[in-house]
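Chemist: Make a model of this:
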Amino acid sequence: KQTKLLQMDDELNFQTHLFLSPKNIKIKIIKKHDFSELYFNEVPINADINKDKIDFIDVFLQKNIFLIESKINKFIKSSNLIVDSDKFFTIYLSIKKENYGEFLKKENLYHLLNEAKYECKQTIDSRRITHMLIDNYYIDEKLHSSFPENLRCNFFTIDVRFICLPEHFIEKIEKILRKYQITVSHILSSEYVKSFLKDDETDIFKMSSKIIDGFNENE
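Modeler: Okay, here's the model as predicted:
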């Protein structure tokens, strides 16, 4: 039991990111507490991942997974996927709710988000939501960039953006990873991640970790 607990604790100390694009595949393993690099590799590919030719992931892992785990002395059980693809599809929704002059609470926001998510799922067909983002809050028609809790209002509106990927595209990647006993933890749009990169922040893997940990309070 002690050995199992140690292994579980060890898994919590590092994070694996797999970057997929039409041009290359990258894998980076970092420590969670300081984002320091444990392993990095980049392999160019000559097929377009946007056309579902993603067997290169299988080839890459078949050649490298044992070497990677041996080098870092850890088993990779899960990975985050950062995907560069034109298959991403964005849906925009605005949801309005009457509040009868009462104070706004987080519960009001959760109800609207659940309603927005339900409406989105009626539209996206065979796509999976990868990012759910609040772009704007309107309190009695006044724009707010963040949720103004404990403010009285008559009407509360949110503009929500859903970034989605085709289900079959994700399932094919998940099937390949399962061959190596790796599950998918999070799926991120590389375009979305890069939108947060500034002059002093250029590491897409580090920013992905930050986003997963709640960097954008409106996601």
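
Chemist: For the strand or helix carrying I158, name the packing helices and strands.
Modeler: Here I158, judged by DSSP states H and E, is contained in strand 155-166. With contacts defined as 3 or more C-beta pairs under 8 Å, 6 or more residues apart in numbering; DSSP states H and E, the packing partners of strand 155-166 are strand 89-98, helix 106-121, strand 127-139. In short, each C-beta sits where N, CA and C put it, glycine included.

Chemist: how about the longest one: buried residues?
Modeler: It stands for helix 106-121. Residues of helix 106-121 classed as buried: N108, L109, L112, A116, K117, C120 (neighbour count, 16 or more other C-beta atoms under 10 Å).

Chemist: In terms of pLDDT, where does the last one sit?
Modeler: Going back to what we said before, that points to C120. Looking at C120, its pLDDT reads 89.

Chemist: what's the answer for E141, then?
Modeler: On the pLDDT scale, E141 is placed at 89.

Chemist: Nearest spatial neighbour of it, chain-adjacent residues omitted?
Modeler: F155 (7.3 Å; C-beta to C-beta, 6 or more residues apart in numbering).

Chemist: next one: E115
Modeler: I95 (5.5 Å).

Chemist: secondary structure class for the residue positioned nearest the centre of the chain?
Modeler: The centre of the chain sits closest to L188, judged by C-alpha atoms, centre = their mean, with a distance of 3.3 Å. Classification of L188 by DSSP: H, G, I helix; E, B strand; the rest coil places it in strand.
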